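[1] have a look at this prediction, sequence included:
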Amino acid sequence: MPDNPTYRGRIAPSPTGYLHLGHAATFWTAQARCQARDGSLVLRIEDLDRERCKPKYADALREDMRWYGLTWNEGPDVGGGLWPYVQSERTAFYEKVWRQLAATGAIYPCRCTRRDVARALGAPHAGEHEANYPGTCRPDQPVPFVESLPTDVNWRFRTPTDEAVVFHDGAAGPQRFVAGMDFGDFIVWRKDGVPAYQLAVVTDDAAMGITEVVRGADLLPSTAQQILIYRALGFRAPAFFHCPLVLDAAGQRLAKRSGAHSLRALREAGVDPATLRPATDR
């Protein structure tokens, strides 16, 4: 990770649908925190979900964010090109990090499916997040290093059993997650040849010199896993700030499948974007 004392933040939308007010509020907070520290704000398109990510949504999110009042110093539409701020164009970076982790024995191959994991735990289903992995494929000793990346298995991170990962979140305060209890060995590379979110986001934030990650509170539990990856790679982890989620009238968090709160729908309805921006004092 570059030794850069200058504040560097990022906004990292996924083009799986039109951005909604929840995303916009989080991005607005990220922008406000960056501007208050005279820093640089990076836009990164996280489009590794091949089935759900669409070019039309990538185009729309940049238009809608600019309409909302968001600006960025680096990334798409800045500097004459997209690379290297689009995840689907950064495979070589992720493969390099995979090799670093494999060389130290921090990861191992796993042939278990989500159904296998749920069955082993006696759970009816895994839910939105995979249940704690029971260690079915975890070897007693680190796996010998292989230069080529096998594509017929998942790769899991070997978590330090019963170790507490402690950190301070800028919004949520002191946090403590115990490996083996709050989360198990987690997937960092999928058998379809795509890096998992945890590996990709650590790779990108480290390579781009991000000093503070501002994102939604739904991603708070994954922070401990990412800190372990930073540690395994010898990188310094950034600071974290997890914003409260924006809820709808029924008390449910906003989702892209509900278009009523999308920036695109509000924009087309003639709403003044200034009325949609949250008050920030960061």
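    Yes, it's here. As the structure is a computational prediction, the values presented were derived from the model and not from experiment. Numbers count the residues shown, from 1 in each chain.

[2] list the contacts of stretch 55-73.
    11, 13, 15-19, 24, 27-28, 31, 40-43, 45, 47, 76-78, 262-264, 267, 273-274, 276-277 (C-beta atoms under 8 Å, 6 or more residues apart in numbering). From N, CA and C alone the C-beta is placed, and that goes for glycine too.

[3] buried subset of these as a PyMOL selection?
    Only the buried entries of those go into this PyMOL selection, using 16 or more other C-beta atoms under 10 Å:
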select buried, resi 11+13+15+16+17+18+19+24+27+28+31+40+41+42+43+45+47+76+262+263+264+267+273+276+277
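
[4] next, count neighbours for the closest residue to Y85 other than its chain neighbours.
    With C-beta to C-beta, 6 or more residues apart in numbering as the criterion, Y85 has its nearest non-adjacent residue at 4.0 Å, and that residue is G75. Neighbour count for G75, taken as other C-beta atoms under 10 Å: 21.

[5] give me the pLDDT for G75.
    Looking at G75, its pLDDT stands at 83.

[6] tell me the spacing between it and K54.
    Taking C-beta to C-beta, to the nearest Å as the measure, G75 falls 19 Å from K54.

[7] kindly report the same for K191.
    24 Å.

[8] one more: A131?
    A131 is 30 Å from K54, by C-beta to C-beta.

[9] quick check: phi and psi at the closest residue to R277 other than its chain neighbours.
    Leaving aside its chain neighbours, R277 sits nearest to W28 (5.6 Å; criterion: C-beta to C-beta, 6+ apart). Backbone torsions of W28, given as degrees, to the nearest 10, read phi -70, psi -40.

[10] W28 contacts P278, correct?
    Yes. With contact defined as C-beta atoms under 8 Å, W28 reaches P278; the gap is 5.9 Å.
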